[in-house]
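Undergrad: Coordinates for the following, if possible.
(one chain, ligands or ions: 2)
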Amino acid sequence: MAARGPDYFESGAVSAVTTGLPGTGLFDEVHTVGGTPAAQSTVKRNGDYSLRVAKNNAGASYVLRVLGGTTGVERVAVRFATLPSTDLDRFMGMGITAGNSLRIGYIASSNKLEVHFANGTKVAASSTVTAGAWHVIELNLNVGADPRTADWRVDGVDQTAASSAEAASTLASVWWGSVNPGDVFTANYDDVLVSTTPADYPLGDGKVLALRPNSSTGTSVFSNDDGTPVNATSHTRLDDNPMVSTTDNVYQNAISGTSTSSSASRTRPRPASTECRRRWPITAPAPRRPPTRRRASSTDPARASCTAATWSPHRSPTAARSPPPRPSGPRAP
Ligand SMILES: [Ca+2]
Ligand SMILES: [Ca+2]
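TA: Ligands and ions are numbered 1, 2, ... in the order given. Below is the predicted model:
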């Protein structure tokens, strides 16, 4: 499996990355005109948080991650506290570089989810939505051929696929919420997993939990935020929840041949989480981080998997090292 984020909801913070600046956000875009997407601790399916989108008719409200390739596989659990009173053209989906994007919507008259390509026929699910319940939605989108196809499942049950006869294209993004002013709803999203490998479909049910280190050992390449060497208590500096504090941290202080390829691409230690994070609240003092190194970090640690309970300077398995390409085309839903 070539799983690639982006369940960053467990960070407890929803903000967009600012290009070139570390630690400023986990999403590529966060749109707030029609309501501000936020992490919510009181309503969640697993872990500490879910993403809550409370959208009004003033405009867009959604979070987005860039996604490349021609195939997108996703799992997400969605919960409507109350059922929308009107149809939703979309409350989640995937953006395409050219042509019709894929949207998951809701049919108020039947209380059913539906999938469709923009301007295409809406294909209703076989089951109904229950207010206050989590429903697991799985997608398998292929836009690399004509027609484009979208297989999907709801709560583990295969649904009728949707298709769109049009030229092949590439994926641009995956998003939760809606850009459409007419979509008015409150939804929570949790336990997201995204892959670009069709064979991963269906991903099946699962959960995303934060994992913070419970021990640490010293190495001269890393330092505590106060400049002292990493020691047996350094991991306690990496216990932030939500992960928005930089009060205490651990940073990489020098390039080292033993820190593997990470030494050539970044100057900070890996994040303390099972999630694939793009940023985490461990901020090295700016003067210690050569600008040229930051620029080289297309192998951003956020997109590496972070499975070690004990903090280590070594990178994770190769499969998770390469981030998806960042297409130059439109990302909008
Ligand atoms: Ca969660
Ligand atoms: Ca900290």
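
Undergrad: When you work out contacts or count neighbours from here on, use the C-alpha atoms and nothing else.
TA: Will do.

Undergrad: Which positions in the chain make contact with ligand 2?
TA: 237-238, 248-249 (Cα under 5 Å from the ion).

Undergrad: For the stretch 1-150 of the chain, just list every one of the strands.
TA: 29-31, 38-40, 50-55, 61-66, 71-80, 88-96, 102-107, 112-117, 123-124, 134-142, 148-154 (DSSP state E, counting those that start in this stretch).

Undergrad: which stretch among these comes nearest residue 176?
TA: strand 88-96 (4.3 Å; Cα to Cα).

Undergrad: Show me the two of the residues of the chain next to ligand 2 that sit farthest apart.
TA: Farthest pair in the residues of the chain next to ligand 2, by Cα to Cα: 238 and 248, 7.5 Å.

Undergrad: Compare these two (neighbour count), which wins?
TA: When residue 238 is set against residue 248 and neighbours are counted by other Cα atoms under 10 Å, the residue ahead is residue 238, at 24 against 17.

Undergrad: still on that earlier bit, for ligand 1, find the nearest of the strands of the stretch 1-150 of the chain.
TA: With Cα to the ion as the criterion, ligand 1 lies closest to strand 50-55 of those, at 4.6 Å.

Undergrad: ok, the residue nearest to residue 104 when sequence neighbours are not counted - contacts?
TA: Of all residues beyond its chain neighbours, the one nearest residue 104 is residue 115 (4.5 Å), with distances taken as Cα to Cα, 6 or more residues apart in numbering. Contact analysis of residue 115 by Cα atoms under 8 Å, 6 or more residues apart in numbering lists 102-105, 122-125, 162.

Undergrad: Could you provide the strands of the stretch 1-150 of the chain in a markdown table, with additional columns for mean pLDDT?
TA: Below are these laid out as a markdown table (pLDDT from 0 to 100):
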| stretch | mean pLDDT |
| --- | --- |
| strand 29-31 | 94 |
| strand 38-40 | 96 |
| strand 50-55 | 98 |
| strand 61-66 | 95 |
| strand 71-80 | 97 |
| strand 88-96 | 98 |
| strand 102-107 | 98 |
| strand 112-117 | 98 |
| strand 123-124 | 98 |
| strand 134-142 | 98 |
| strand 148-154 | 98 |
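
Undergrad: can you put these in a markdown table and add distance to residue 254?
TA: Conversion of these to a markdown table gives the following (distance: least, Cα to Cα, whole Å):
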| stretch | distance to residue 254 |
| --- | --- |
| strand 29-31 | 32 |
| strand 38-40 | 35 |
| strand 50-55 | 36 |
| strand 61-66 | 31 |
| strand 71-80 | 38 |
| strand 88-96 | 40 |
| strand 102-107 | 45 |
| strand 112-117 | 49 |
| strand 123-124 | 55 |
| strand 134-142 | 43 |
| strand 148-154 | 47 |
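
Undergrad: Of all those strands, which one is nearest residue 226?
TA: Minimum separation from residue 226 across the strands of the stretch 1-150 of the chain (Cα to Cα) falls at strand 38-40, 30.3 Å.

Undergrad: residue with max distance from the center of this protein?
TA: Within the chain, residue 228 marks the point farthest from the mean C-alpha position, 33.9 Å out by Cα atoms, centre = their mean.

Undergrad: Low-confidence ranges, this structure, go.
TA: 1-6, 19-24, 257-333 (pLDDT under 70).

Undergrad: Show me what from it comes close to ligand 1.
TA: 46-47, 49-50, 190.

Undergrad: among those residues, which two are most distant?
TA: It's 47 and 190 that sit farthest apart of the residues of the chain next to ligand 1, by Cα to Cα, at 9.1 Å.

Undergrad: and these two? which has more neighbours close in?
TA: Neighbours were counted for residue 47 and for residue 190 using other Cα under 10 Å; residue 190 has more, 28 against 16.

Undergrad: do you know how far the more buried one is from residue 9?
TA: With distances taken as Cα to Cα, to the nearest Å, residue 190 is found 7 Å from residue 9.

Undergrad: Identify the contacts common to those two.
TA: Common neighbours of residue 190 and residue 9 (Cα under 8 Å, 6+ apart) are 49-51.
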